[in-house]
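Engineer: Test case, fold it:
(chains A, B, C and D)
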Number of protein chains: 2
Amino acid sequence: MDISPLTLNRLGVYRRALRELERAEVPRVSSQELADRFHLSAAQIRKDLAHFGELGIRGVGYEVPKLTRRLSEILGLDRKHRMVVVGMGNLGSALASYLGFNTGSFYVVGAVDNDPTKVGRKIGDFTVHSTEELAQVVQETGAEVGVLTVPAEAAQENYDLLVQAGVKGVLNFAPVRIEAVPEVPLKQVDLRSQLEELAFFLTQK
Amino acid sequence: MDISPLTLNRLGVYRRALRELERAEVPRVSSQELADRFHLSAAQIRKDLAHFGELGIRGVGYEVPKLTRRLSEILGLDRKHRMVVVGMGNLGSALASYLGFNTGSFYVVGAVDNDPTKVGRKIGDFTVHSTEELAQVVQETGAEVGVLTVPAEAAQENYDLLVQAGVKGVLNFAPVRIEAVPEVPLKQVDLRSQLEELAFFLTQK
DNA sequence: AGATGTGAATGAGTTCACAGCT
DNA sequence: AGCTGTGAACTCATTCACATCT
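Structural biologist: Residues are numbered from 1 along each chain as shown, chains lettered A, B, ... in the order given. So this is what the prediction gives:
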């Protein structure tokens, strides 16, 4: 299935909006209502959804619970995803607990660090292992996603290790561009570039 | 100055690339060389830079240190930016230390939380204050940027408080869309949507 | 009657290709 | 001679508007 990153991102937005309506027990919604309530575009909602077949009912709209489930399926959020955190510095540790509390589809099942003083430490309900044991940790826990919270200069090398260890996707917090292989997609959480863009506006006025 | 978010984002990329060249003491670079070395587009580099006047020398290229400085100026990264962190939970505390270590243009000068058990705690070289004192903290520290690391449901209300307190921009880590006023631009660091997009690819194969 | 799904029109962003400068 | 700066061509994305279906 070929689907633009922009559309993909919006599907997540729609899903969140729909979940909110679902909690409010709204049974049906038209693209127009959805657009009005969440500052979206009705035409775009319809076009985005049309990629996945006829999801709505003409003359009526979309059934909220049904569409929510379908979007979760499409996005792969209808099942749990196990993550392993690489790099247990400040950010890594925080993230490990933060993501641990998360009730969403993602949860942390393991962590590694190459600093021997950190190995063996217990965070939540898993123990920090040595980076050498990464492949083993991935295998034993069945982790699909690697979370990179190592310093910038170690990011590429640890991405490569995660690929070798067999994860299927990587979320990178290190502020560097990583050379990714197509089989293991990489997503960037870019604190730094967001701050830089803010800085631009700070100086504007 | 009107400049698209996409261009703005790329300016940051160019700046990073140029800083790398600067460290390597490369005196001049052509858009083509820059593009080849950092997987960019030469035409796009030229077009992006052309927004800000004639920054290069025809027949020669761009002077690395000069262009780096100019980009820093444009992005507002030639001066320090003080930040105040709102919400000292797991993520907030981690971020406060993490950003504290950061040698970039941004540094944390204060923090608030509405949990009385957290108030008074010392993190790095500042103390956690009560959210009621936010305006005072912003004023005393001269913070320009608010960092929101509160739970989703409290994000909007704390954004509003930051606006009242007088910050000029907000970086939000809470996984919700905030209604922002144009005078106080908002940037999102969206862990969740990045994970969701990863999830899509995990299911693809 | 009313909202979806969709080709057609418009708009935004990127790439091409070359005139113009050093 | 060579690389920038830039209009023109093109590609990708969004919006419009309406035929189609319930």
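Engineer: near chain B, anything from stretch A:131-145?
Structural biologist: Yes: if you take Cβ under 8 Å from any Cβ of the partner chain as the test, stretch A:131-145 does meet chain B, through A:144, A:145. For glycine as for every other residue, the C-beta is placed from the backbone atoms N, C-alpha and C.
Engineer: can you list the residues that contact that stretch?
Structural biologist: Outside stretch A:131-145, the residues within contact range by Cβ atoms under 8 Å, 6 or more residues apart in numbering or on different chains are A:81-84, A:86, A:106, A:109-110, A:112-114, A:129, A:146, A:158, A:161-162, A:164-171, B:195, B:198, B:202.
Engineer: Kindly recompute the last result at 7 Å.
Structural biologist: A:81-84, A:109-110, A:112-114, A:129, A:161, A:164-171, B:198, B:202 (Cβ atoms under 7 Å, 6 or more residues apart in numbering or on different chains).
Engineer: Can you list the strands that the biggest strand by length in chain A pairs with?
Structural biologist: Identified as the longest strand of chain A according to DSSP state E is strand A:106-113. With DSSP bridges as the test, strand A:106-113 is paired with strand A:81-86 (parallel), strand A:126-130 (parallel).
Engineer: list the buried ones in the last one?
Structural biologist: Going back to what we said before, that points to strand A:126-130. Using 16 or more other Cβ atoms under 10 Å in any protein chain shown as the test for burial, strand A:126-130 gives A:126, A:128, A:129, A:130.
Engineer: ok so, going back, please name whichever of the strands paired with strand A:106-113 is nearest to DNA strand D.
Structural biologist: Within these, the stretch nearest DNA strand D is strand A:81-86; the backing value is 25.6 Å (Cβ to the nearest atom of the strand).
Engineer: Alpha carbons only: can I get the closest one in CSV?
Structural biologist: The C-alpha trace of strand A:81-86 is given here as CSV (Å, rounded to 0.1, in the frame of the first residue of the first chain):
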residue,chain,number,x,y,z
HIS,A,81,4.1,-3.1,20.0
ARG,A,82,7.1,-3.9,22.1
MET,A,83,10.0,-1.5,22.3
VAL,A,84,13.6,-1.7,23.4
VAL,A,85,15.3,1.5,24.6
VAL,A,86,19.0,2.0,23.6
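Engineer: now the angle between helix B:90-101 and whichever helix or strand comes after that strand, please.
Structural biologist: Later in the chain than strand A:81-86, the nearest helix or strand by DSSP states H and E is helix A:90-101. Counting by axes from the mean of the first three to the mean of the last three Cα atoms, to 10 degrees, helix A:90-101 points 170 degrees away from the direction of helix B:90-101.
Engineer: and helix A:90-101, what other elements does it pack with?
Structural biologist: strand A:81-86, strand A:106-113, strand A:122-123, helix B:90-101 (3 or more Cβ pairs under 7 Å, 6 or more residues apart in numbering or on different chains; DSSP states H and E).
Engineer: Which helix or strand contains the residue nearest the centre of chain A?
Structural biologist: With distances taken as Cα atoms, centre = their mean, the residue of chain A nearest its centroid is residue A:171 (7.3 Å). Under the criterion of DSSP H and E, residue A:171 resides in strand A:169-172.
Engineer: one step back: per-residue confidence at the residue nearest to the centre of chain A?
Structural biologist: pLDDT, residue A:171: 96.
Engineer: mind listing what the residue nearest to residue A:7 when sequence neighbours are not counted touches?
Structural biologist: Leaving aside its sequence neighbours, residue A:7 sits nearest to residue A:48 (Cβ to Cβ, 6 or more residues apart in numbering or on different chains; 5.1 Å). By Cβ under 7 Å, 6+ apart, the contact list for residue A:48 reads A:7, A:10, A:11.
Engineer: Among those, name the ones that also lie close to DNA strand D.
Structural biologist: Intersecting these with the contacts of DNA strand D gives residue A:7 (criterion: Cβ under 7 Å from any atom of the strand).
Engineer: List buried members of the contacts of residue A:48 by neighbour count.
Structural biologist: Counted by 16+ other Cβ under 10 Å, the contacts of residue A:48 give A:10, A:11 as buried.
Engineer: And the contacts of residue A:48, which is closest to DNA strand C?
Structural biologist: residue A:7 (12.2 Å).
Engineer: Can you pull out the residues in contact with stretch A:154-162?
Structural biologist: Outside stretch A:154-162, the residues that reach it (Cβ under 7 Å, 6+ apart) are A:86, A:131, A:134, A:146, A:148, A:150, A:170, A:172, A:174, A:176, A:178-180, A:186.
Engineer: Below-threshold pLDDT in chain A: ranges please.
Structural biologist: Residue ranges of chain A with pLDDT under 70: A:100-103, A:205.
Engineer: For the residue lying farthest from the centre of it, give its distance to chain B.
Structural biologist: Residue farthest from the centre of chain A, counting by Cα atoms, centre = their mean, is residue A:59 at 34.8 Å. From residue A:59 across to chain B, the span is 30 Å (Cβ to the nearest Cβ, to the nearest Å).
Engineer: One more: residue A:185?
Structural biologist: 5 Å.
Engineer: now do residue A:137
Structural biologist: Distance, residue A:137 to chain B, using Cβ to the nearest Cβ: 18 Å.
Engineer: contacting residues for the residue nearest to that residue when sequence neighbours are not counted?
Structural biologist: Nearest residue to residue A:137 in three dimensions, chain neighbours excluded: residue A:110, at 4.5 Å (Cβ to Cβ, 6+ apart). Contacts for residue A:110 (Cβ under 7 Å, 6+ apart) come out as A:84, A:126, A:129, A:137, A:141, A:143.
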